[in-house]
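Asker: got a predicted structure here, sequence first:
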Amino acid sequence: MVKIYTKKGDDGTTSLWYGGRVPKDSARTEAYGTFDEACSTLGVARALCTESGATELAADILRLQDDLFVAGAELATAPEAAERLEDGISRVTPEMVEEAERLIDRYMAEVELPPKFVIPGGNLISAHLDVARTVIRRAERHVSTLVEEDEIASETLVHFVNRASDLAYAMARWADVDDPALFEGRGR
């Protein structure tokens, strides 16, 4: 039996790729941990796609999950070990940003956005994609903190994170029902 616990994190720290340890609540750990959370939420949406026969959407969600793992690997690497990262495997590339943009454009070409905010929950797939979108936005806020602290030099990573949440939004709108619930601003 393989044991998955090491007890090294019992002191409240976690290890980074290529060495080093940081507190489990550091901005870096919060950022890549939030990507992990987004990937899990996307996994639920992908499973629902598989059940409903939306295989192309499922494939695009899997691609986004893969790309978020790449972004997470980059974030889980101490800045002093950044030269050890590999493009597309543990470092976000401009091509990944471009591919996200291509997918956003493809989905949005098939969606007519309403002039108001869409209230999440049109169906299970779109609801989970909207949760993933908000989780990715939270990760983006953590990444912004790291940028402000000069802990991230990669503009490409920042661009990708922004496109990733836009892509989740575009997929959610595509997956949503034909007549999504809209925010009406009803007074109380």
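Answerer: Nice, thanks for sending it over.
Asker: assumed residue 58 was part of a helix.
Answerer: Yes - assessed with DSSP: H, G, I helix; E, B strand; the rest coil, residue 58 lies in a helix.
Asker: that one reaches residue 44, doesn't it?
Answerer: No - at 11.6 Å, residue 58 does not count as touching residue 44 under the criterion of C-beta atoms under 8 Å. All C-beta spots, glycine's among them, are computed from the backbone N, C-alpha and C.
Asker: my guess is residue 82 meets residue 152, correct?
Answerer: No - applying C-beta under 8 Å as the test, residue 82 and residue 152 come out as separate, 9.3 Å apart.
Asker: so for those two, which residue has more residues nearby?
Answerer: More crowded of residue 82 and residue 152, by other C-beta atoms under 10 Å: residue 152, with 21 against 15.
Asker: residue 107 sits in which helix or strand?
Answerer: In the assignment (DSSP states H and E), residue 107 maps to helix 94-108.
Asker: enumerate every residue touching residue 9.
Answerer: residue 24 (C-beta atoms under 8 Å, 6 or more residues apart in numbering).
Asker: straight-line length of stretch 51-59, end to end?
Answerer: 13 Å (C-alpha to C-alpha, to the nearest Å).
Asker: where does the protein dip in pLDDT?
Answerer: 177, 179-180, 182-188 (pLDDT under 70).
Asker: so where do the strands sit in it?
Answerer: Assigned by DSSP state E, the chain shows strands spanning 13-15, 21-23.
Asker: the last one - which strands sit beside it in the sheet, and in what orientation?
Answerer: Paired strands of strand 21-23, with direction, are strand 13-15 (antiparallel) (DSSP bridges).
Asker: one step back: put the alpha carbons of the helix holding residue 107 into PDB.
Answerer: Only the C-alpha atoms of helix 94-108 are listed here, as PDB (Å, rounded to 0.1, in the frame of the first residue of the first chain):
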ATOM      1  CA  PRO A  94       1.500  32.700 -25.100                       C
ATOM      2  CA  GLU A  95       0.000  29.900 -27.200                       C
ATOM      3  CA  MET A  96      -2.100  28.800 -24.300                       C
ATOM      4  CA  VAL A  97      -3.500  32.300 -24.000                       C
ATOM      5  CA  GLU A  98      -4.200  32.400 -27.700                       C
ATOM      6  CA  GLU A  99      -6.000  29.000 -27.600                       C
ATOM      7  CA  ALA A 100      -8.100  30.200 -24.700                       C
ATOM      8  CA  GLU A 101      -9.000  33.300 -26.800                       C
ATOM      9  CA  ARG A 102      -9.900  31.200 -29.800                       C
ATOM     10  CA  LEU A 103     -12.200  29.000 -27.700                       C
ATOM     11  CA  ILE A 104     -13.800  32.100 -26.100                       C
ATOM     12  CA  ASP A 105     -14.500  33.500 -29.500                       C
ATOM     13  CA  ARG A 106     -15.800  30.200 -30.800                       C
ATOM     14  CA  TYR A 107     -18.300  29.800 -28.000                       C
ATOM     15  CA  MET A 108     -19.400  33.500 -27.900                       C
END
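Asker: having no further points to raise, I will conclude here.
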